[in-house]
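S.K.: Below: sequence and its predicted model.
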Amino acid sequence: MALGCKRMEEKILRERARQLIADRRLPKVLPSPERINERTGVPSMKIGAGAGRTCALCASVISAEEAAGACEYRYETGLTIRFHERCEDIWDQERQGLG
């Protein structure tokens, strides 16, 4: 069930981020800043990506309008996570223990 980033209170998003990190369903570290595949040039982080995909924190779909501020992280393990701009800010703070 999509929870909806805009409708969720920040407190709920923060609690969810902490739980997903604790459960290892969201990583606590950023991917390497190097490109994942130098031959193909796939970057480890991309801004403005994710339209039509599900946000890893709030579980709602990133709309075309929201995609400009959305970001995508790709890890060497093959994991790809995407966030709304607001959700990424919250995840970033919580993974660093700044929330």
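M.R.: Everything's here; your move. Small disclaimer: the values here were computed from a predicted structure and weren't measured.
S.K.: Quick one: residues in contact with stretch 27-34.
M.R.: 21, 44, 45, 73, 74, 75, 76, 79, 81, 95 (C-beta atoms under 8 Å, 6 or more residues apart in numbering). Heads up, the C-betas are built off the backbone N, CA and C, glycines and all.
S.K.: Over to stretch 66-84?
M.R.: Here stretch 66-84 has contacts from 5, 26-27, 30-32, 36, 42-51, 53-58, 60, 62, 85, 88, 91, using C-beta under 8 Å, 6+ apart.
S.K.: go again using 7 Å as the cut-off
M.R.: 5, 26-27, 30-32, 36, 42, 44-51, 53, 55-58, 62, 85, 88, 91 (C-beta atoms under 7 Å, 6 or more residues apart in numbering).
S.K.: out of these, which are inside strands?
M.R.: Among these, the ones falling in strands (DSSP state E) are 45, 46, 47.
S.K.: which residues does the closest residue to the last one other than its chain neighbours bridge with?
M.R.: Here the nearest residue to residue 47 in space, its sequence neighbours aside, is residue 71; by C-beta to C-beta, 6 or more residues apart in numbering that works out to 5.1 Å. Applying DSSP bridges to residue 71 gives these bridge partners: residue 47, residue 83.
S.K.: quick revisit: is it possible to mark the buried ones in the contacts of stretch 66-84?
M.R.: 5, 26-27, 31, 36, 44, 49-50, 53, 55-58, 62, 85, 88, 91 (16 or more other C-beta atoms under 10 Å).
S.K.: how about the host helix or strand of residue 93: buried residues?
M.R.: Per DSSP states H and E, residue 93 falls inside helix 85-95. For helix 85-95, a neighbour-count test (16+ other C-beta under 10 Å) marks 85, 86, 87, 88, 89, 90, 91, 94, 95 as buried.
S.K.: who does it touch, helix- and strand-wise?
M.R.: helix 10-22 (3 or more C-beta pairs under 7 Å, 6 or more residues apart in numbering; DSSP states H and E).
S.K.: Just the buried subset of the contacts of stretch 27-34, written out for ChimeraX, thanks.
M.R.: Here is the ChimeraX command that selects only those of the contacts of stretch 27-34 that count as buried (16+ other C-beta under 10 Å):
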select :21,44,73,74,81,95
